[in-house]
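**Student:** Mind folding the following:
(one chain, ligands or ions: 2)
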Amino acid sequence: MTEKLYEGKAKILYTSDDPHIVLAQFKDDATAFNAQKQGTIADKGTVNATVSAHLFTLLEKSGISTHFIDQPAATQLRLQKLRMIPLEVVVRNVVAGSLVKRTGLSNGTVLAEPIVEFYYKDDALGDPLLNDSHILSVLELVSASQLSELRASALEVNGILSQFYVDCGIRLIDFKLEYGFAPDGSIVLGDELSPDNCRLWTLSDNRVLDKDRFRFDMGEVASAYQEVLRRVLAHS
Ligand code: TMP
Ligand code: ASP
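**Tutor:** Ligands and ions are numbered 1, 2, ... in the order given. Coordinates of the predicted model:
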């Protein structure tokens, strides 16, 4: 018997026969701006589950430990159950989104080097940006060495995914990761790797292929998600 463990904005997590394994059901539902904007994107569940499965497999081959086990159905992933760390770990290669608002720099400015930011995963607070002191001594979310490990891992993931996406003709502008603890205490990459939590622009002409099309009513949302899936499958 499976039981619903948790329902998020884009996924439902179910228990499985094995207490260490959960089943994620990817939904077509989309939200933005802390759920103030809501809608659906046709076949997003299939795109996000399939793209995530491919990218987790790619990362595992490069030695990154992830929660991915397999994809038993188009919209489902079997995942190792983690105790999630309530941080959104954002890596940026190019100025976009909230970094435009925070700095006044132009959208599309290439950063001298990739940067990592941490946001507190708390909808009621609107996922605020945290500095190291907030994480370590105020909220005590992780230890100093674990925070270094998160930064190093996120940058390593960035290197691997950026190269892969270039091979797909896509620029990885920025993305969000979430990590958790496995039962043995090790830090493992969780959540999903999909056009919902990345910015992806075509290499040829900076055409937006990610959730910004939904956030900002740019049109051709479902077809952009399909284009990402097609390009990822062609290079896997
Ligand atoms: P931002 O520019 O809005 O801070 O977003 C940075 C990256 O993080 C971008 O690729 C979108 C992703 N992201 C999420 O996955 N979930 C969120 O709730 C937010 C705000 C951003
Ligand atoms: N997923 C988040 C929400 O619903 C924010 C976003 O991706 O823009 O609100």
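
**Student:** what's near enough to touch the nearest residue to Lys121 once chain neighbours are set aside?
**Tutor:** Take Lys121 and drop its neighbours on the chain: the residue closest to it by CB to CB, 6 or more residues apart in numbering is Pro86, 4.2 Å away. Every C-beta, even on glycine, is put in place using the N, C-alpha and C of the backbone. Contacts here follow CB atoms under 8 Å, 6 or more residues apart in numbering; on that basis Pro86 touches 120-122, 141.

**Student:** same check, this time on Ser153
**Tutor:** Residues in contact with Ser153, defined by CB under 8 Å, 6+ apart, are 64, 179, 187, 189.

**Student:** which of the residues you listed are buried?
**Tutor:** The neighbour-count test (16 or more other CB atoms under 10 Å) applied to these identifies 179, 187, 189 as buried.

**Student:** Please tabulate those residues in CSV, including the columns secondary structure and pLDDT.
**Tutor:** CSV is the format used below for these (DSSP: H, G, I helix; E, B strand; the rest coil; pLDDT from 0 to 100):
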residue, secondary structure, pLDDT
Tyr179, strand, 99
Ile187, strand, 98
Leu189, strand, 99
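
**Student:** Those also near ligand 1: which ones?
**Tutor:** When CB under 6 Å from any ligand atom is taken as the criterion, no member of the buried ones among the contacts of Ser153 contacts ligand 1.

**Student:** For whichever residue of the chain sits closest to ligand 1, grab the count of nearby residues.
**Tutor:** Nearest residue of the chain to ligand 1: Gly97, at 2.2 Å (CB to the nearest ligand atom). Applying the criterion other CB atoms under 10 Å, we find 16 residues in the vicinity of Gly97.

**Student:** Quick one: check the host helix or strand of Ser148 for contact with ligand 1.
**Tutor:** When elements are assigned from DSSP states H and E, Ser148 belongs to helix 144-167. No: for helix 144-167 and ligand 1, the contact criterion (CB under 6 Å from any ligand atom) is not met; the two come no nearer than 11.6 Å.
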